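> okay, here's the prediction I keep looking at, along with the sequence it came from:
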Amino acid sequence: MPYDTQPAASHFINGAYVEDTAGTPIDVIYPATGEKIATVYAATPAIVEQAIAAAKSAQAAWAAMSGTERGRILRKAADLLRERNHDLSVLETYDTGKPYQETSVADATSGADALEYFGGMAATLTGEHIQLGENWVYTRREALGVCVGIGAWNYPTQIACWKGAPALACGNAMIFKPSETTPLCALKVAEILHEAGLPAGIYNVVQGMGEVGASLVTDPRVDKVSLTGSVPTGRKVYAAAAEGIKHVTMELGGKSPMIVFEDADIENAVSGAILGNFYSSGQVCSNGTRVFVHKAIKEQFLNRLAERLGDAVIGDPMDPKTSFGPMVSERQRAIALEYIEKGQAEGARLVTGGKMLERDGFYMEPTVFADVTDDMVIAREEIFGPVMAVLDFEDEEDVMARANDTEFGLAAGVFTRDLTRAHRVAARFEAGTCYINTYNDAPVEAPFGGSKNSGVGRENSKAAIEHYSQLKSVFVRMDDVEAPF
Ligand SMILES: NC(=O)c1ccc[n+]([C@@H]2O[C@H](COP(=O)([O-])OP(=O)(O)OC[C@H]3O[C@@H](n4cnc5c(N)ncnc54)[C@H](O)[C@@H]3O)[C@@H](O)[C@H]2O)c1
Ligand SMILES: O=CCc1c[nH]cn1
């Protein structure tokens, strides 16, 4: 291994690496080869206790610093992330298997954007003055306290920053538990935040599986939980958080629709469908995996899609020319392959792909099914792999109803040259994040998140501040207090 991927220790608590080998060992596997590249240990109850105690005792002093001071540290961390983008991108590639071509532009850079954006905003977080005649009320925007972040495996650096940056900007402390599949990158985020001047205890990382996450969520000292994960995990975490009446953000799964009308620019629509199905080997929550294509252009769309997929460079993710890497794990690939079998069994037409690749690592072909119908399993369930379902339509009213006929509501997209139709369709989508003539953009300035079963709350943008702070109203009376007796 040309890079040293073994971290100094498994956890980062109170400003330092901490180890406890009594925890369950977790092997970190490089998805491109199947080799073990590191071992970390799941947090024991003693480690969880250390992390919560450290966060709890450090938080008040952090919240008492001015927003300008907090923001300066976050912005310095953003600069360090950018300076080290190459090494961080290499680590992200080892952790996830995503091609360096992607990680070098979409992971540490997206994390840096979040730290810079919320760092810049920290000094602007104020309450308001409300005059009531001679009397008045003022509001204070206050931190929630100790926040727990729990991550999925597809964007480990981005998720660690998208949760950490707004939490810290608002004066909270965070304990972040990465996915057990990709435990490496969040440790680097913690290291860099501390190098930038973050006080010890404000951003901690603990490793582990679901039980570790559950023990954090149920601790009474924890005030907020932000999960990125599947809907079934979201249900459990939301219920556990509800028991303690904790604040939550739930960034969950999806089965998002993309509608391509007959007047769409086909080349752009194909690009959108590629980005929305095959970027990160299809492992993006907001992917538009139900592609509704107008019957008049369906064959043209499919032919061009198949041609463009022929240009995908599948191979060593560290090679900058590689544009399609392995799946994150053998298990995730097996899940995707099972769905492909189900699609074939249910009569969908396999246009391209469908097989695993006979080589080391967890590679499979980018796969497109056509003639998919709404009732097929591949059109209803989240696959979280590179499997696109193309469905036909002829009528806008009909396709809108079908696009919205899902338990999920994370994202949705429309390709058309008719602007009136584009905005009408976007307004009718039952989804939190919508796209017109583009797909899967996720800039920090815009709210990101889902409706229906895809989630609660929003990440990024000014909207995230509402989910990491609370308002206190202070009533001030200038005249006498009138009491009935
Ligand atoms: N909406 C978004 O922003 C977004 C982004 C990325 C991924 N996702 C979703 O994430 C899923 C894929 O990720 P995954 O397989 O890691 O998801 P997952 O639900 O299996 O796990 C997510 C995290 O939750 C933890 N966890 C599991 N059980 C828990 C429990 N009972 N209490 C506390 N924590 C628990 C896991 O250890 C992991 O860290 C997909 O459904 C995808 O759509 C959503
Ligand atoms: O995986 C979901 C979050 C996301 C979407 N686009 C980039 N990151």
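It's in. Since the structure is predicted, the reported quantities are computational estimates derived from the model, not experimental observations. Ligands and ions are numbered 1, 2, ... in the order given.

> near ligand 2, which residues of the chain?
154-155, 284-286, 440, 442 (Cβ under 6 Å from any ligand atom). For the C-beta atoms, the positions are set from N, CA and C on the backbone; glycine is no exception.

> okay, those residues in a markdown table with neighbour count next?
Written out in a markdown table, the entries for those read as follows (neighbours: other Cβ atoms under 10 Å):
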| residue | neighbour count |
| --- | --- |
| N154 | 22 |
| Y155 | 28 |
| V284 | 23 |
| C285 | 28 |
| S286 | 26 |
| N440 | 21 |
| A442 | 19 |
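
> so which of the residues you listed are in helices?
Residues from these lying in helices, with DSSP state H as the criterion: none.

> so which of the residues you listed is the closest to ligand 1?
For ligand 1, the nearest member of the residues of the chain next to ligand 2 is C285. The distance, counting by Cβ to the nearest ligand atom, is 3.1 Å.

> next up, the contacts around that closest one.
C285 makes contacts with 152, 154, 228, 251-254, 410, as judged by Cβ atoms under 8 Å, 6 or more residues apart in numbering.

> got the phi and psi for it?
Torsion angles at C285 (phi, psi; degrees, to the nearest 10) stand at phi -60, psi -40.

> among the contacts of C285, who's most crowded?
Using other Cβ atoms under 10 Å as the contact criterion, the top neighbour count among these goes to G254, which has 31 neighbours.

> part of a helix, is that one?
No. Secondary structure assignment (DSSP: H, G, I helix; E, B strand; the rest coil) places G254 in coil, not in a helix.

> and the pLDDT at it?
On the pLDDT scale, G254 is placed at 98.

> and if you look at V231?
98.

> hmm, K452 and it touching each other?
No. Using Cβ atoms under 8 Å, V231 and K452 do not qualify as a contacting pair, with a distance of 9.8 Å.

> any shared contact partners between those two?
For the pair V231 and K452, residues contacting each of them under the criterion Cβ under 8 Å, 6+ apart are 407-408.

> which ones are touching A43?
Contact criterion Cβ under 8 Å, 6+ apart gives 10-11, 20, 23, 51, 177, 206-208, 212 as the residues in contact with A43.

> brain fart, G120
By Cβ under 8 Å, 6+ apart, G120 lies in contact with 71, 75.

> so it is in which element?
In the assignment (DSSP states H and E), G120 maps to helix 108-121.

> how about the stretch 201-350 of the chain: which residue is closest to ligand 2?
C285 (3.6 Å).

> alongside ligand 1, which residues does the stretch 151-300 of the chain contribute?
151-154, 177, 179-180, 209-210, 213-214, 217, 228-230, 233, 236-237, 251-254, 285.

> just the residues you listed: which are in strands?
Filtering those for membership in strands, criterion DSSP state E, returns 177, 228, 251.

> residue contacts, the first one?
What it means is K177. With contacts defined as Cβ under 8 Å, 6+ apart, the neighbours of K177 are 43, 148-151, 205-208, 212-213, 216.

> which one of those is nearest to L115?
Of all the contacts of K177, G149 has the smallest distance to L115: 14.1 Å, by Cβ to Cβ.

> and the closest one, what pLDDT?
The per-residue pLDDT reported for G149 equals 99.

> give me phi/psi at the residue nearest to it when sequence neighbours are not counted?
By the measure of Cβ to Cβ, 6 or more residues apart in numbering, the closest residue to G149 outside its immediate chain neighbours is K163, 3.7 Å from it. The phi and psi values for K163, taken as degrees, to the nearest 10, are phi -90, psi -40.

> for burial, what's the neighbour tally of K163?
That count, for K163 with other Cβ under 10 Å as the rule, works out to 29.

> check A483 too.
When neighbours are defined as other Cβ under 10 Å, A483 has 5 of them.

> kindly report the same for R349.
Neighbour number of R349 under other Cβ under 10 Å is 13.

> now do stretch 455-462: distance from first to last residue.
Between the opening and closing residues of stretch 455-462 we find a distance of 18 Å, counting by Cα to Cα, to the nearest Å.

> oops, could you answer that again for stretch 165-185 instead?
Across its full length, stretch 165-185 reaches 15 Å between end residues, using Cα to Cα.

> my guess is R221 contacts L144, does it?
No. Distance between R221 and L144: 11.8 Å, which falls outside the contact criterion (Cβ under 8 Å).

> the two - which one has more neighbours?
For R221 versus L144, the count of surrounding residues by other Cβ under 10 Å is larger for L144: 21 against 14.

> now do the SS call for W136.
Put simply, W136 is strand when judged by three-state DSSP.

> low-confidence ranges in the protein?
For the chain, residues meeting the criterion pLDDT under 70 lie at 1-2.

> try it again at 90.
Within the chain, the set of residues satisfying pLDDT under 90 comprises 1-3.

> would you agree P7 is in contact with Y17?
Yes. P7 sits in contact with Y17 when judged by Cβ under 8 Å, with a separation of 7.2 Å.

> got the contact list for the residue nearest to the spatial centre of the chain?
Relative to the mean C-alpha position of the chain, the nearest C-alpha, by Cα atoms, centre = their mean, is the one of I159, at 5.2 Å. Residues in contact with I159 (Cβ under 8 Å, 6+ apart) are 149, 151-152, 178, 228.

> of all pairs in those residues, which one spans the longest distance?
Greatest spatial distance in those: G149 and A152, 11.0 Å, computed using Cβ to Cβ.

> contact partners for the closest residue in space to L357 that isn't next to it in sequence?
With sequence-adjacent residues excluded and distances taken as Cβ to Cβ, 6+ apart, L357 is closest to Y363, at 3.9 Å. Taking Cβ under 8 Å, 6+ apart, we find Y363 in contact with 314, 325-327, 333, 356-357.
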